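S.K.: Here is a sequence together with a model predicted from it:
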Number of protein chains: 4
Amino acid sequence: MSSEFKYQRRVQFAETDLAGIVHFSTMFRYLEEAEHAMWRAAGLTIAQRGSDLGWPRLGAALEFRNPLRFEEEFEVWVRVASLKTRTIEYEFTIVRGRTVIAVGTMTSVCVRKYPDGTMKATEIPADVAQKLDAFAQ
Amino acid sequence: MSSEFKYQRRVQFAETDLAGIVHFSTMFRYLEEAEHAMWRAAGLTIAQRGSDLGWPRLGAALEFRNPLRFEEEFEVWVRVASLKTRTIEYEFTIVRGRTVIAVGTMTSVCVRKYPDGTMKATEIPADVAQKLDAFAQ
Amino acid sequence: MSSEFKYQRRVQFAETDLAGIVHFSTMFRYLEEAEHAMWRAAGLTIAQRGSDLGWPRLGAALEFRNPLRFEEEFEVWVRVASLKTRTIEYEFTIVRGRTVIAVGTMTSVCVRKYPDGTMKATEIPADVAQKLDAFAQ
Amino acid sequence: MSSEFKYQRRVQFAETDLAGIVHFSTMFRYLEEAEHAMWRAAGLTIAQRGSDLGWPRLGAALEFRNPLRFEEEFEVWVRVASLKTRTIEYEFTIVRGRTVIAVGTMTSVCVRKYPDGTMKATEIPADVAQKLDAFAQ
């Protein structure tokens, strides 16, 4: 519990749609913002300039429980659910006060990027694994 | 197979990110575009002006197999996997030529919207169910 | 000078494009975020639930001086340049430290929204004009 | 007149906001989509893989005349207003049938990108200028 990372945010106008609520695709952006904030809290960045490592998604899934509306404040709780040789799985809960907005998961893979644009799965660097481990308890 | 609906599209510049590929959250927008095009092909619209019915998401999930890049042309194949009293589940495959980009599902629920902003699950209208059934074989 | 409102923000990953910098259309979203934060600071909201008033754009323009990149922190300074009977003109400067990223303007008009979806320009309510005037010196 | 390029499009759900109309920042994306389609029609691409040339914006401006709504079909007319040594200025009109939605301009500069991420204005290649000239009459 204490190892979860909390990311706080407010809904912006352009994130809503004609139904008056946050568009579901934007919820996935909230997950990513929380993930990257967690990396920063761990002293890391997902996009090191000059690095040939990348972290594309293998999968992403959300269940939506309640809508979010313009200007509402909410939290994204993120936890490292599994840290394997080449992949990281995150678990997320989006809440507004005590109301659960959505729960979900994302999995990323560590890749090496080549000059021709191809990417190949590779081992997660030891220091990255060690720093993210703080959010994996 | 013959009941699947095909939606064609080209990747736009603003849909890419600094990794040089389509951002994963945009892939979920592609699913929705295909869904709405399928509704139009069935003689329906997901957002009838003046209607108090809405179709919020219960869930959405994608597995990503290959990246998409700027200006590439791709197809989203969508099928109604299950049509229940109040919910619709769709199955999607995004392909570029013979390369599978992503596969996934989305589930929506039919709701009645009330003036105070609340929404309550309700039965899918008979004519909507009948028209979507063409894509459910 | 003292009447300008400052909005602070960090660049998110999905806001970048394949050129490795923030997409120019996102800069306009930053302006709007700053505008809405200024309204909140004035005790107002641009989208009062149940209200039949709206604030569509008449125009928006930006000159881009320097790029913004992933995870960079920046500020949007916003000022009410002109407050007329029915329109508000804002002036914006986006800066990262001492580096000017962009300068621009936006103009909104107060409209009354009718049940058939039409909108008609109307006078800005007195209390809104009074509260925004704090940022117009 | 005959040298204008026409780009056709339909409004997608995620492009609307809680006011029920297309968000103004999305209108700028429509301009860019039209610009890039015009480049393709000229046998060009704005993002040649492996090229060290880029085309960042110097400015963008739109005046909004009428709203666009979900599923409406519209056209973006684009014309090269001025082609200088290092910059291109475009003029745009967005229309839905005979209704003008918005008019505006964008200016881009040709830059050479260096490995350290910096960019420096450079001359537009002769073949690019020649091909775009077809839309500049």
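M.R.: Done, it's in. Residues are numbered from 1 along each chain as shown, chains lettered A, B, ... in the order given.

S.K.: going forward, measure contacts and count neighbours with C-alpha atoms only.
M.R.: Fine.

S.K.: Let me know the outermost residue of chain A.
M.R.: What lies farthest from the middle of chain A is A:Asp116; by C-alpha atoms, centre = their mean that is 27.6 Å.

S.K.: Doesn't that one belong to a helix?
M.R.: No - counting by DSSP: H, G, I helix; E, B strand; the rest coil, one finds A:Asp116 to be coil, located in no helix.

S.K.: Buried residues in the longest helix that chain A contains, which are they?
M.R.: The longest helix of chain A (DSSP state H) is helix A:24-41. Using 16 or more other C-alpha atoms under 10 Å in any protein chain shown as the test for burial, helix A:24-41 gives A:24-39.

S.K.: And for stretch A:113-122?
M.R.: Across stretch A:113-122, burial judged by 16+ other C-alpha under 10 Å covers A:Lys113, A:Met119, A:Ala121, A:Thr122.

S.K.: What residues does chain A have near chain C?
M.R.: Proximity of chain A to chain C (C-alpha under 8 Å from any C-alpha of the partner chain) is limited to residues A:Gln12, A:Phe13, A:Ala14, A:Arg29, A:Glu33, A:Ala47, A:Phe70.

S.K.: Looking at the helix or strand that contains A:Ala102 now, give me its mean pLDDT.
M.R.: According to DSSP states H and E, A:Ala102 maps onto strand A:99-109. Per-residue pLDDT over strand A:99-109 has a mean of 98.

S.K.: circling back: give me the subset of the buried residues of stretch A:113-122 touching chain D.
M.R.: The subset of the buried residues of stretch A:113-122 lying close to chain D, counting by C-alpha under 8 Å from any C-alpha, is empty.

S.K.: export those to CSV and tack on secondary structure?
M.R.: Formatted as CSV, the buried residues of stretch A:113-122 follow (three-state DSSP):
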residue, secondary structure
A:Lys113, strand
A:Met119, strand
A:Ala121, strand
A:Thr122, coil
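
S.K.: Relative to D:Gln130, which of those residues is nearest.
M.R.: Set against D:Gln130, the nearest of those by C-alpha to C-alpha is A:Lys113 (35.3 Å).

S.K.: is that closest one in a bridge, and if so with what?
M.R.: Note on A:Lys113: beta-bridge partners by DSSP bridges are A:Met119.

S.K.: That one and A:Asp52 touch, don't they?
M.R.: Yes - the pair A:Lys113 / A:Asp52 is scored as a contact, 5.2 Å apart, by C-alpha atoms under 8 Å.

S.K.: quick one, what contacts A:Phe135?
M.R.: A:Ser3, A:Glu4, A:Phe5, A:Arg79, A:Val80 (C-alpha atoms under 8 Å, 6 or more residues apart in numbering or on different chains).

S.K.: any idea how far the third one is from A:Phe64?
M.R.: This means A:Phe5. Going from A:Phe5 to A:Phe64 by C-alpha to C-alpha, to the nearest Å gives 20 Å.

S.K.: Okay, the residue in chain A that chain D sits nearest to and A:Arg69: tell me how far apart.
M.R.: Using C-alpha to the nearest C-alpha, the single residue of chain A nearest to chain D is A:Asp17, 3.9 Å away. Distance, A:Asp17 to A:Arg69, by C-alpha to C-alpha: 10 Å.

S.K.: Likewise for A:Trp39?
M.R.: For A:Trp39 relative to A:Arg69 (C-alpha to C-alpha), the value is 27 Å.

S.K.: Next: A:Ala47.
M.R.: A:Ala47 is 31 Å from A:Arg69, by C-alpha to C-alpha.

S.K.: With neighbour numbers in mind, choose between these two.
M.R.: A:Arg69 (20 against 17; other C-alpha atoms under 10 Å in any protein chain shown).

S.K.: what bits of chain A have low per-residue confidence?
M.R.: In the prediction, chain A carries residues with pLDDT under 70 at positions A:1-2.

S.K.: Kindly recompute the last result at 90.
M.R.: Low-confidence segments of chain A (pLDDT under 90): A:1-3, A:48-50, A:115-118, A:134, A:137.

S.K.: Around chain B, pick out the residues from it.
M.R.: With C-alpha under 8 Å from any C-alpha as the criterion, chain A meets chain B at residues A:19, A:24-26, A:28-29, A:54, A:57-65.

S.K.: Among these, which pair sits farthest apart?
M.R.: Applying C-alpha to C-alpha across the residues of chain A next to chain B, the maximum distance is between A:Ala19 and A:Gly54, 35.6 Å.

S.K.: Are stretch A:19-27 and chain D in contact anywhere?
M.R.: Yes - contact of stretch A:19-27 with chain D (C-alpha under 8 Å from any C-alpha) involves A:Ala19, A:Gly20, A:Ile21, A:His23.

S.K.: Please identify the helix or strand for the first one.
M.R.: Pointing back at A:Ala19 there. In the assignment (DSSP H and E), A:Ala19 maps to no helix and no strand.

S.K.: Quick one: residues contacting it.
M.R.: B:Gly54, D:Leu18, D:Gly20.

S.K.: again, only this time at 7 Å
M.R.: Neighbour list for A:Ala19: D:Leu18 [criterion: C-alpha atoms under 7 Å, 6 or more residues apart in numbering or on different chains].

S.K.: Distance-wise, check it relative to A:Leu68.
M.R.: Using C-alpha to C-alpha, we find A:Ala19 at a distance of 11 Å from A:Leu68.
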